[in-house]
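**Student:** Need the 3D shape of this:
(4 chains)
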Amino acid sequence: MADLESFRAETRAWLEANCPPEMRLPLKDEEDRVWGGRNAKFSSPAQKQWLDAMAAKGWTAPEWPTAYGGGGLSREEAKVLRSEMRRINARSPLDSFGIWMLGPALLQYGTEEQKQHFLPPIVRGEIRWCQGYSEPGAGSDLASLQTRAEDKGDHWLVNGQKVWTSYADKADWIFCLVRTDPTAPKHEGISFVLFDMTTPGVSTKPIVLISGKSPFCETFFDDVVVPKENLVGTLNRGWDVAKHLLTHEREMISNMGMDMASLGEVAKKAIGLDAQGRLDDPLLRADIARFDVDALAFRLAIERTGDLAKAKQGHPALSSMLKYYGAELNKRRHELMMAAGGADALEWESERSQGGTPARSWLRTKANSIEGGTSEVQLNIIAKRLLNLPGA
Amino acid sequence: MADLESFRAETRAWLEANCPPEMRLPLKDEEDRVWGGRNAKFSSPAQKQWLDAMAAKGWTAPEWPTAYGGGGLSREEAKVLRSEMRRINARSPLDSFGIWMLGPALLQYGTEEQKQHFLPPIVRGEIRWCQGYSEPGAGSDLASLQTRAEDKGDHWLVNGQKVWTSYADKADWIFCLVRTDPTAPKHEGISFVLFDMTTPGVSTKPIVLISGKSPFCETFFDDVVVPKENLVGTLNRGWDVAKHLLTHEREMISNMGMDMASLGEVAKKAIGLDAQGRLDDPLLRADIARFDVDALAFRLAIERTGDLAKAKQGHPALSSMLKYYGAELNKRRHELMMAAGGADALEWESERSQGGTPARSWLRTKANSIEGGTSEVQLNIIAKRLLNLPGA
Amino acid sequence: MPLILNDEQAMLRDTARSFLAEQAPVAALRKLRDGRDALGYHRDLWKGFAEMGFTGVLVPEAHGGLGLGHVEAGVVMEEIGRNLTASPFVSTAVVAASAINRIGGEGQKAEWLPRIAAGEAIITLAVDEGRKHDPSRTAMKAERAGNGFRLHGAKAMVLDGHVADLMIVAARTGGAPGETDGLTLFLIDPKAKGVAIERTIMVDSHNAARIVLENVEVDADAVLGEVDQAHGALEGVLNVGRAAVAAEITGVGDEAFGRTVAYLKERKQFGRVIGEFQALQHRAAHLFTEIEIAKAAVLKALQTLDEGYDRAGPIASVAKAKAGQAATLAVQEAVQMHGGVGMTDEFDVGLFMKRARVAQELWGDANFHAERLARLSGY
Amino acid sequence: MPLILNDEQAMLRDTARSFLAEQAPVAALRKLRDGRDALGYHRDLWKGFAEMGFTGVLVPEAHGGLGLGHVEAGVVMEEIGRNLTASPFVSTAVVAASAINRIGGEGQKAEWLPRIAAGEAIITLAVDEGRKHDPSRTAMKAERAGNGFRLHGAKAMVLDGHVADLMIVAARTGGAPGETDGLTLFLIDPKAKGVAIERTIMVDSHNAARIVLENVEVDADAVLGEVDQAHGALEGVLNVGRAAVAAEITGVGDEAFGRTVAYLKERKQFGRVIGEFQALQHRAAHLFTEIEIAKAAVLKALQTLDEGYDRAGPIASVAKAKAGQAATLAVQEAVQMHGGVGMTDEFDVGLFMKRARVAQELWGDANFHAERLARLSGY
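**Tutor:** The predicted model follows:
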């Protein structure tokens, strides 16, 4: 504990010295996130400065081993780091599917060479990744995928189509599920491979969402050559890697909205207070108060689930619980944001609404309970794996 | 329309003259209802006076033919009667399973003799009925019933057991589902019979509910002799009668709580108003406001469903919709009543709480979504019959 | 009166349904949006509305309309909802027609009602100023100036503001924001000096604008109704708008629900039609129930406007609140049950969600109306 | 600190679990109820609590207790919840022990804490007066009289009031109802002249009473803590009570849920185990989630009381609100999913519903605490 307290003091001092003031303000909008990659875009020099400082300490991936560029922190230290960052409202220096999703899978299933090769640049935000899982028409039934990888001796030849590939048009590399044994049952014969999105034969087409944004793409593979060494894990056992990784995706989605400004604050600014100092929209106020109870409790449930896992008292399916609730909570948050925003929030293009940010964010959240396994799929998993209900 | 307006004026005048003032106050509690029957109990002379006056006009069953003692009113006239009764907060003169459930079935399936024999005393509140449907362990699967009626030439011999028989210990007669052909498939081979509860071999045992009350009984039949003429409808087609009657049971339950005092009034008295004239418990107030929206709209949905049926634009399964929503609404009403009542409402025996009336009523409502077909069964019916969803 | 449509009303519904499905389906809204149409509605469609008589549904026959009632207006609104039809119907033929017919002097009626019925004038009510609807908070000033008044202030969510031929503007001739006394309605020419109009592109691709009045001078005969006493009359007209929008939003929700049920019967996952999954069945059955209940409240509100205009406040609030809540659930379930495709702009369900959101906000959201009901009920 | 029990705490949980399941299961509550037991708790059980050290969980070792923390008290409370155990644990060993230990003078501590730890004194806090919890509305008067005070007024929902050896009574030495200043806590002997105690039989068959004080005179040394300044200290003690009851109610909800899941696996309808029905599966999965989230909030509240007693207000409110809401859903689903048998007094689930309802109300329901959170957050 004494060590932890001195770690806290050091961390606080370091953050104080290294986190630029602009990086202590809430995100203006989704565009304000830092995703890194070959073609990284920074909306301010402070963003780059903050990323570089954190990456140098390995604190973009605090719990990864230092050998692979990570922070090498214990779980308790990482908690301290997070709480100290929260104390000064420090933004996340880097949003990264590499850190949230691929990294943990590589640490578990990758070869030493793969770890050495891929992890350090991920920590530094130099490779931006996308995920090639879903295929047209497959929906929740992920394992019905059809994209084929033919064994051509020294390489795989990949042909097929993915959909809902997040930021495929902006990503440098893809981690991708392909069918390597078409004769095997559905969940077998699938492998997990990595390849560069600039490989000839890869093309992407953005999908315009109801938010008017295109975070997702359709992605096409036409005779794409993938080196054999880019297979992660065992041949035809890619489903294991995928499930491991889905757990991390779920955790990522369940955390959505945690870095948003408080609803009460937003509503107060938008609507004002009445003579008794209460938000001047009593029913909305009631909803926000109840939301706050749920959101604060949920944040603690995330923490507790991690602590349980660390103490080997957890259950892998608890990530489904967090994914389910986190997604529903974030949708609720944005419904309330829209209610608080009123007429202003309904504008789609004006400067007043920052180009329709409230409405576009609201619409975007509707996918939270679809992507990474629908809420219905999460409930099925809870019923089956945590409650052991029959036939679930 | 002119006729209707003169009917309204006459009705108003008649009610003004004949509805005793005590019968214009809200029910004090469930004990305050008038059920009639051979051993009718009236908690005040006004109750009897009111019942007799209404029964003389046939207005305990306003839409039944006058030939059977009913009011002979058109649907529109009956609506006027109801709205005029509501205007002066007139209580229902009689609560009666005979009027709500058996009567409509007899009008549809009974012989002329049966109608002549049973309906007039039902209108006058002279026979109190109970319903013998559920059997131990059957739950929602009503048709799995085991009570047998053997054909003994001039009579049936009934043996078996029913459960959840409402007020069997207070009822004069029972309408009862019995298996007359044990070899037929589940829904076939069931018949619908009526018999006197004083017939030798009939015994009842009250079931104590969580409300501490015993509105239900277990009912046992041990070689009970039932005259052949007491069969309603076709032999072995009792399931048709039962379904018809269940529709009326559903309507009855969906109307629950409609004669209760307004939640806002109750809460105002219990909790008081704040400086702005609002209920001094802002979140409870929000819940009550939303409840009121739903309850007012639901009352109109009941009316509309009746109007649709009358105009042959309805669907029998709409009764499931009303049953489902009405039950859930009444449960919600009583949850809010308990919240408004606070500590006082938690007392179980005191005079202050009228012998625990709020808590007992609250607990009793929990059965609303179980009796007469569970909410789950109603939703199944809606999915299957109104939405035509597959496999429902 | 039975809580169902009578034969004539049912016929009107069928007529409106086939007319709109043919002339103004969802694709027509997409065309306006994607082409960044300057008007924001189809002029030919509006002519069609006039030919069908829809524009004159609430205009007395003496002024060239059909002289029908609010139920009939609601019938058209519901079909507009089903098709997400963008048109000046609610601003002009429902709210402005009601306002001028109910409150206007004979001269005002004679001038404007025939033009509404003929589809020749677009007229809009400008009432809200802040983010949330609340007429009593009107702050726009109207000071006596010479023979008339000088108006100063700003309005938001003015439907069809940038294409209107006339605006009915609520302004304060007395009292302070928060008070009901001191409100007056004015007929303002959008081309008058000092009027600035900014069209706001909305999430639902329906027309709205912000209006700034900078010392706009009008004559005394620009007053609609009584000076200082507009609050009651305005509430009456708003109740018409609320009930009408409740009808529209019910159409939006019901259509989104219908499309969802159809999808449930067609879409396969894990080797089964997803409509077989009981969890989805129960949610669909619950949603069906909510929508049916909303329909009853909406029809009752419309009937009450016809039978006892002055008593319609509470039921209009019930209808708007209930319809808003049911439709919100309907579009949420629609997107969720459609899964990924429901999130794409290419698919229609998102457009239903967008329209439901704006219609929910218009003239008071479910919170506003439940709150109003609580106040009216004295708790 | 990790948001899980440490090894010692887990061991205490296991001990408490087997002790209570054996000594004070639901059947023990039925026995008290059906026998109309005069005490309302089992005296032998209370001795057992003392022998196990539970009674002294929050009493410092110097005063004969275990000197453990709030997490440990909560661990016992959760097991009490699972078994619906009726005992003076929360009134005496949690709330009164905290109050005297936190606020009391050395003499008061030396007099009462050892007796609490030994299970020899039952002490209760009397704070609420109206139907709903709200300490600031305290109206009971305490006027200066001679060397001490004269108390006048009435209290409701006084746990174990009719068997208490001492009452800690909140009264007003200044200010007016609604104000936080002017509150003082008094130690009152239930046998003192002017004290009238009415035991109230409650829906959950747990002990509660109404107390009327009619000009009850006490010396100055009956004051617990500072005159006029009790509000802050009282809130602190109430936070302990709230977090502890949140732990209990979580136990109530979790046990009701566990029994329901077991029933889903066993009960057959239409030829299938009802746990196979997806609609029920999803509701059960949702409920599981709500309960897990509540558990996290409750543990955090207990840990915060241990780590930073004065910061515990908001998290105690989150815990009480969330636990109340989750348990309410749990008992409702329990009765519904059990169907008819769930409605019978013979079956236990109804008792869980009854206890959850009372515990929800005690020291602020979910509405009270969400409201408090809103106020603390400045909206």
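
**Student:** Chain neighbours aside, what residue packs nearest to residue 275?
**Tutor:** Assuming you mean chain A. residue B:276 (6.9 Å; C-beta to C-beta, 6 or more residues apart in numbering or on different chains). Quick note: C-beta positions are derived from backbone N, CA and C, even for glycine.

**Student:** Wait, chain C was what I had in mind.
**Tutor:** residue C:264 (3.4 Å).

**Student:** What distance do you get for that neighbour to residue C:287?
**Tutor:** 11 Å (C-beta to C-beta, to the nearest Å).

**Student:** Around chain B, which positions in the stretch 251-392 of chain A sit nearby?
**Tutor:** Residues of the stretch 251-392 of chain A found near chain B (C-beta under 8 Å from any C-beta of the partner chain) are A:274, A:275, A:276, A:278, A:282, A:283, A:285, A:286, A:287, A:289, A:290.

**Student:** Pull out the buried residues from these.
**Tutor:** Those of those that meet the buried threshold are A:278, A:282, A:283, A:285, A:286, A:287, A:289, A:290, by 16 or more other C-beta atoms under 10 Å in any protein chain shown.

**Student:** Look at the nearest residue to the last one once chain neighbours are set aside and report its pLDDT.
**Tutor:** Ranked by C-beta to C-beta, 6+ apart and with sequence neighbours excluded, the top spatial neighbour of residue A:290 is residue D:370, at 5.4 Å. We have a pLDDT of 97 for residue D:370.

**Student:** Could you do the one 5 residues further on as well?
**Tutor:** At residue D:375 the predicted local confidence, pLDDT, stands at 94.

**Student:** Quick one: classify the closest residue to chain B within the stretch 101-250 of chain C as helix, strand or coil.
**Tutor:** Across the stretch 101-250 of chain C, the shortest distance to chain B (C-beta to the nearest C-beta) belongs to residue C:246, at 10.7 Å. At residue C:246, secondary structure determined by DSSP: H, G, I helix; E, B strand; the rest coil is helix.

**Student:** if I pick it, what's in contact with it?
**Tutor:** Contacts for residue C:246 were tallied using C-beta atoms under 8 Å, 6 or more residues apart in numbering or on different chains; they are C:74, C:294, C:297, C:298, C:301, C:316, C:319, C:320, C:322, C:323, C:324.

**Student:** Show me chain C divided up by domain.
**Tutor:** Per automatic domain parsing, the structural domains of chain C span C:7-121, C:125-228, C:231-376.

**Student:** Out of those domains, which one sits most buried?
**Tutor:** domain C:231-376 (a mean of 24; mean count of other C-beta atoms under 10 Å in any protein chain shown).

**Student:** Spit out the contact partners of the residue most central in space within chain C.
**Tutor:** With distances taken as C-alpha atoms, centre = their mean, the residue of chain C nearest its centroid is residue C:245 (4.0 Å). For residue C:245, the contacting residues are C:77, C:90, C:320, C:359, C:362, C:363, by C-beta under 8 Å, 6+ apart.

**Student:** wait, which of the residues you listed is closest to residue C:169?
**Tutor:** Nearest to residue C:169, judged by C-beta to C-beta, of these is residue C:363 at 15.7 Å.

**Student:** Tell me the pLDDT of that closest one.
**Tutor:** Residue C:363 is given a pLDDT of 98.

**Student:** and the gap between it and residue C:313?
**Tutor:** For residue C:363, the distance to residue C:313 - C-beta to C-beta - is 13 Å.

**Student:** residue ranges with poor pLDDT in chain A?
**Tutor:** A:1-2, A:257-260, A:392 (pLDDT under 70).

**Student:** Spatially central, which residue of it would that be?
**Tutor:** Among the residues of chain A, the one closest to the centroid is residue A:252, at 3.9 Å (C-alpha atoms, centre = their mean).

**Student:** Now do the SS call for that residue.
**Tutor:** helix.

**Student:** ok, for it, nearest residue in space, not its chain neighbours?
**Tutor:** Of all residues not flanking residue A:252 in the chain, residue A:100 sits nearest, at 4.5 Å (C-beta to C-beta, 6+ apart).

**Student:** tally of neighbours for that neighbour?
**Tutor:** By other C-beta atoms under 10 Å in any protein chain shown, 18 other residues sit near residue A:100.

**Student:** closest to chain C among the residues of the stretch 251-392 of chain A next to chain B?
**Tutor:** residue A:283 (3.8 Å).

**Student:** Tell me the first helix or strand C-terminal of the helix or strand where the closest one lies.
**Tutor:** Element membership for residue A:283 (DSSP states H and E) is helix A:282-310. Sequence-wise, the next helix or strand downstream of helix A:282-310 (DSSP H and E) is helix A:318-345.

**Student:** Mind listing what's buried along that next one?
**Tutor:** Buried residues in helix A:318-345, counted by 16+ other C-beta under 10 Å: A:318-345.

**Student:** give me phi/psi at the residue of chain A most remote from its centre?
**Tutor:** Taking C-alpha atoms, centre = their mean, the residue of chain A most remote from its mean C-alpha position is residue A:275, at 42.2 Å. Backbone torsions of residue A:275, given as degrees, to the nearest 10, read phi -60, psi -30.

**Student:** Does the residue nearest to residue C:164 when sequence neighbours are not counted belong to a helix, a strand or coil?
**Tutor:** Closest residue to residue C:164 apart from its sequence neighbours, by C-beta to C-beta, 6+ apart: residue C:124 at 4.5 Å. Following three-state DSSP, residue C:124 is assigned to strand.

**Student:** Touching the helix or strand encompassing residue A:52 from outside, list them.
**Tutor:** Taking DSSP H and E as the criterion, residue A:52 maps to helix A:45-56. Applying C-beta under 8 Å, 6+ apart, the contact partners of helix A:45-56 are A:18-23, A:34, A:36, A:40, A:42, A:60, A:69, A:91, A:93-94, A:123-125.

**Student:** Show the residue spans covered by the helices in the stretch 101-250 of chain C.
**Tutor:** Remark: helices assigned in the stretch 101-250 of chain C by DSSP state H, counting those that start in this stretch are C:106-117, C:230-264.

**Student:** Give me the distance from the last one to the chain's centre.
**Tutor:** When C-alpha coordinates are averaged (C-alpha atoms, centre = their mean, to the nearest Å), helix C:230-264 and its chain have centres 7 Å apart.

**Student:** Repeat that for stretch A:88-105.
**Tutor:** 8 Å.

**Student:** Could you do stretch C:221-238 as well?
**Tutor:** For stretch C:221-238, the distance to the chain centre is 19 Å (C-alpha atoms, centre = their mean).

**Student:** got it, and stretch A:189-203?
**Tutor:** Worked out by C-alpha atoms, centre = their mean, stretch A:189-203 lies 21 Å from the chain centre.

**Student:** and that stretch, which residues are buried?
**Tutor:** So stretch A:189-203, judged by 16+ other C-beta under 10 Å, has buried residues A:189, A:190, A:191, A:192, A:193, A:194, A:195, A:197, A:199, A:202.

**Student:** What about those, which are in strands?
**Tutor:** Among the buried residues of stretch A:189-203, the members falling in strands (DSSP state E) are A:190, A:191, A:192, A:193, A:194, A:195, A:202.

**Student:** Show me what from the stretch 201-350 of chain C comes close to chain D.
**Tutor:** C:277, C:278, C:279, C:281, C:282.

**Student:** do that again at 10 Å, thanks
**Tutor:** Residues of the stretch 201-350 of chain C lying near chain D by C-beta under 10 Å from any C-beta of the partner chain: C:276, C:277, C:278, C:279, C:280, C:281, C:282, C:283, C:285.
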